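S.K.: Here is my input; please provide its structure:
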Amino acid sequence: MVSKKDALGKRAVYFLGYLLLIPSMLFNIYLWARLSQSQAEQSTFKVVKVIDGDTIILEGDQSIRLASINAPETEFCLGKEAKKRLEDLVLGKRIKLEVTSRESYNRMIGLVSLRDTLINQIMLEEGLSRYDSSGIKQDEILLPAANRAREAKIGVYSEKCTQTKPPNPQCLIKGNADKHSSKKLYHFPGCSGYSIVVVEKDRGENWFCSEKEAKKQGFVKSEQCFGKVFRK
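M.R.: Here you go, the predicted model:
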């Protein structure tokens with residue numbers, strides 16, 4: 001039979017043991033939290049530079065192009081605005097990256113997210129880039145985003161960048177970049193299909209007052225204009 005004194009002694013030993021376990025338990029909780037934080041940080045990447053509206057540089061000098069979007073070069077219509085918007089969204093922040101393909105040894109293409117926001121989608125919705133399919137599942141989200149901007153005629157789809165009428169009525173020549181090749185062609189009134197040619201200034205297209213001016217900018221006469229002479 002265990003005496004009351006012995007029972008109290010055993011309880012004291014058990015209680016002391018629990019007290020000794022508490023620091024160990026707290027340390028394990030702390031260690032788990034630190035490991036979780038470390039793993040979370042390792043799955044995100046800090047943006048250290050924004051090149052333009054669709055290309056960023058991560059720490060370690062890794063170049064990332066945002067999938068399924070094509071923002072204007074900084075010298076073209078809304079190019080600076082697109083770059084500034086992307087800077088506001090991600091510069092100096094840690095982003096999540098889902099690589100969809102590799103363009104070169106030091107350039108990847110992917111989906112960039114900040115918390116639960118898909119940055120690729122934001123740039124399309126705000127009309128600061130055009131949709132350029134990457135053949136990925138997320139195109140189901142990205143294409144409708146671009147279509148909404150097009151329908152609202154905002155950003156690159158606004159009259160500021162997408163034009164059918166010249167700002168200067170004396171400059172009627174349309175400089176147009178062939179979407180299926182690298183050719184830069186110009187069209188003038190009288191050329192076949194002139195009326196349906198759209199000048200997309202965010203893609204480096206422009207209006208010219210003379211053929212000489214168009215040629216100086218690297219444009220050549222469209223085959224649809226052969227045999228025709230431009231007259232103002």
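
S.K.: Just after the lengthiest strand in the chain, pick out the following helix or strand.
M.R.: When the chain is parsed with DSSP state E, its longest strand is strand 94-104. Moving toward the C-terminus from strand 94-104, the first helix or strand encountered (DSSP states H and E) is strand 107-114.

S.K.: tell me the angle that following strand makes with strand 94-104.
M.R.: Orientation check (axes from the mean of the first three to the mean of the last three Cα atoms, to 10 degrees): strand 107-114 against strand 94-104 gives 160 degrees.

S.K.: So for stretch 91-106, what gets flagged as buried?
M.R.: 91, 94-97, 100 (16 or more other Cβ atoms under 10 Å). Glycine gets a C-beta too; all of them are placed from N, C-alpha and C.

S.K.: cool, and stretch 61-78?
M.R.: Buried residues in stretch 61-78, counting neighbours by 16+ other Cβ under 10 Å, are found at 63-73, 76-78.

S.K.: From one end of stretch 205-218 to the other, what's the distance?
M.R.: 11 Å (Cα to Cα, to the nearest Å).

S.K.: Could you do stretch 178-189 as well?
M.R.: 18 Å.

S.K.: pLDDT of that stretch, averaged?
M.R.: The average pLDDT within stretch 178-189 is 88.

S.K.: which residues are in contact with that stretch?
M.R.: 172-177, 193-194, 197, 204, 208, 211, 214-215, 217-222, 224-225, 228, 230 (Cβ atoms under 8 Å, 6 or more residues apart in numbering).

S.K.: out of these, which are inside strands?
M.R.: Reading strands off those with DSSP E, I get 173-177, 208, 220-221.

S.K.: which of those lies closest to Lys83?
M.R.: Within the ones in strands among the contacts of stretch 178-189, the smallest distance to Lys83 is 20.5 Å, found for Ala177 (Cβ to Cβ).

S.K.: Report the separation between that closest one and Val197.
M.R.: Distance, Ala177 to Val197, using Cβ to Cβ, to the nearest Å: 11 Å.

S.K.: returning to what we had before: are any of the contacts of stretch 178-189 buried, and which?
M.R.: Counted by 16+ other Cβ under 10 Å, the contacts of stretch 178-189 give 172-177, 194, 197, 204, 208, 211, 214, 219, 221-222, 225, 228, 230 as buried.

S.K.: Quick check: which ranges of the protein have low pLDDT?
M.R.: Scanning the chain with the threshold set as pLDDT under 70 gives 1-42, 105.
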